[in-house]
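Trainee: pasted the sequence and its predicted model underneath.
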Amino acid sequence: MSNYNLYEHCFIELKKYSFDTYKENIPNDLFVRGLCIKEENNLVFKCTGLIVSHNKIFVIFPKGSVIPTEETVLKEHIRLLIDVLSKYSLSSTLDPIETSLLGGIGENKSFMAAAFWLIKDYFEHGIVHFQNQEYGLNQSTNINWARTINTISPVISNHQPIYLDLVTKKHFKYDHLITKIHQYAVEHCLKLYGWLFDYDGEQDKETELPCDEDTALHYLELEAHRTFHERKSNLFQNLREFILGSHTFSKESIFTFVTPYFHTVWEKICHLLFSDLNDKSIPKLPPPYWSVGHKVAKTEQIPDIMFRKEKKLFILDAKYYRVDYAPFKLPGWGDLVKQFFYRHTLLENENEGIENIFIFPGQSHQGLEYLGFAAVEGIANLGQIRGFIVDVVEGMKYYVNNQKGEFRDKLLMFY
């Protein structure tokens, strides 16, 4: 990858790029599958994540991102995006289309996701090893008293048994077939994507699976059922997914690790940063309903996030919009009405007031900053919906680490 300009292969979801500039490099299959479109004479990606095609990688960052020009920082952002999508794919109920896109296309469904997981796991834990144990006399300090008492005759001194020999247990590592399978998979993964993780080792040699594919899958399945260790269980599963995909791998293969629904990821990020699941004082919004004849059908009002500070209630809606063109191209009347209605249906019982808020992805050196507000001209009693920008990179970092940070405290400084 030494001659590969990574920056030129990075994009932002729904941002417009010159179609003529990129038309020779974008595989037609991505247009067929709707991952990108030609809009007038512009190229527009309609997903977020990573695509590998014809041995080239394309990275699509979420809305609000600014693509770093320094390659070291750019790789850090790509790895963060991988971590975000990895966590999201494991913690969410995905529809079949999204499941396939977060794995891959065709027969290579989880090849790319498994490769990223195996690389990170290798850097953290190394190659998996298996231990066996043997018993002997006086070989270690790990004494097995039950075996000693049952098999060794003691010497009696002062009416007390003394054991001159002790049965001890000794652990030793041995080369399990799965150790060799793991080594093969890691070497293959690093050869493909190690450069993205700043791996400097040489991976030019061709390695082969130490057994046939069916045997490898059989042993991985056996060990997966035997272990209760979470890391090993995940390892065996990802090795299995990698092997299933690697036998059809070629330079012409297309692999995807993308979602067309990053707005759902953004909602999860904002929910982590601002929600308070332990607050029992959050009110339930009254349900709208239809009444026809003697039958009533109710629906629900479900705000993204609600929390209370002292006696004031805050209603937040995570909005996955680009703020480049603000105040234009921001949430329209339908989204505004929904927020106004939340406030209206609760206002009678909230004496200290209600604040409506939109949270957008963007760039902010403070982590969070005020954007502006929405209101209805001449109708002051509807209040305002204030918009705030949360730094999308910082938000993703806290999401990956499952930490709330100080975003809510910074938000409350404006009230």
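Mentor: Good, I have the coordinates.
Trainee: every contact and neighbour count from this point should use C-alpha atoms.
Mentor: Will do.
Trainee: what's in contact with the strand or helix carrying Arg79?
Mentor: Arg79 belongs to helix 71-91 when elements are defined using DSSP states H and E. Helix 71-91 is touched from outside by 6-7, 49-50, 59, 61, 67-68, 99, 102, 113, 116, 196-197, 257-258, 265, 393, 396-397, 399-400, with contacts defined as CA atoms under 8 Å, 6 or more residues apart in numbering.
Trainee: run the last query once more with 6 Å
Mentor: Pro68, Val400 (CA atoms under 6 Å, 6 or more residues apart in numbering).
Trainee: now it: buried residues?
Mentor: Within helix 71-91, the residues scored as buried using 16 or more other CA atoms under 10 Å are 74-75, 77-89.
Trainee: what's the residue sitting furthest away from the middle of the chain sitting at in phi/psi?
Mentor: Computed with CA atoms, centre = their mean, the residue of the chain farthest from its C-alpha average is Asn158, at 67.5 Å. In terms of degrees, to the nearest 10, the main-chain angles of Asn158 are phi 50, psi 40.
Trainee: tell me how far it lies from Gly49.
Mentor: Separation of Asn158 from Gly49 (CA to CA, to the nearest Å): 76 Å.
Trainee: with Pro361 instead?
Mentor: Here Pro361 is placed at a distance of 16 Å from Gly49 (CA to CA).
Trainee: thinking again about what came up before, what's next to the next helix or strand after the helix holding Arg79, contact-wise?
Mentor: Using DSSP H and E, the helix or strand that directly follows helix 71-91 along the chain is helix 96-101. Helix 96-101 is contacted by residues Thr256, Phe257, Val258, Thr259 when judged by CA under 6 Å, 6+ apart.
Trainee: from these, which two are the most distant?
Mentor: Using CA to CA, the two most remote members of the contacts of helix 96-101 are Thr256 and Thr259, lying 9.0 Å apart.
Trainee: tell me which stretches of this protein form helices.
Mentor: With DSSP state H, the ranges of helices along the chain come out as 19-22, 28-32, 71-91, 96-101, 111-125, 145-151, 177-193, 213-226, 230-246, 262-274, 333-346, 392-400, 407-412.
Trainee: tell me which of those helices sits nearest to Gly293.
Mentor: Nearest to Gly293, of the helices of the chain and by CA to CA, is helix 333-346 at 25.2 Å.
Trainee: same for the closest one, what does it pack against?
Mentor: Judged by 3 or more CA pairs under 6 Å, 6 or more residues apart in numbering; DSSP states H and E, helix 333-346 is in contact with no other helix or strand.
Trainee: show the average pLDDT along that helix.
Mentor: Averaged across helix 333-346, the pLDDT comes to 92.
Trainee: so what pairs up with the residue lying closest to Phe31 once chain neighbours are set aside in the strands?
Mentor: Closest residue to Phe31 apart from its sequence neighbours, by CA to CA, 6 or more residues apart in numbering: Ile37 at 5.6 Å. Per DSSP bridges, the residues bridged to Ile37 are Val44.
Trainee: excluding chain neighbours, what is closest to Glu300?
Mentor: Using CA to CA, 6+ apart, the nearest residue to Glu300 is Pro287, at 4.9 Å.
Trainee: count of residues packed around that neighbour?
Mentor: 12 (other CA atoms under 10 Å).
Trainee: go on, the one 5 residues further on?
Mentor: The local packing of Val292 (other CA under 10 Å) involves 8 other residues.
Trainee: state the pLDDT value of it.
Mentor: 96.
Trainee: OK, contacts around it?
Mentor: If you count contacts by CA under 6 Å, 6+ apart, then Val292 has nothing around it.
Trainee: ditto for the one 5 residues further on
Mentor: Remark: with contacts taken as CA under 6 Å, 6+ apart, Ala297 is in contact with Tyr289, Trp290.
Trainee: buried sites along stretch 394-404?
Mentor: Glu394, Gly395, Met396, Lys397, Tyr398, Tyr399, Val400, Lys404.
Trainee: give the bridge partners for Ser53, please.
Mentor: So, taking DSSP bridges as the rule, Ser53 has Lys56, Ile254 as bridge partners.
Trainee: and it, how far from Val390?
Mentor: 32 Å.
Trainee: now do Arg33
Mentor: 31 Å.
Trainee: what of Ser100?
Mentor: For Ser100 relative to Val390 (CA to CA), the value is 30 Å.
Trainee: ok, Gln339 next?
Mentor: Distance from Gln339 to Val390, by CA to CA: 19 Å.
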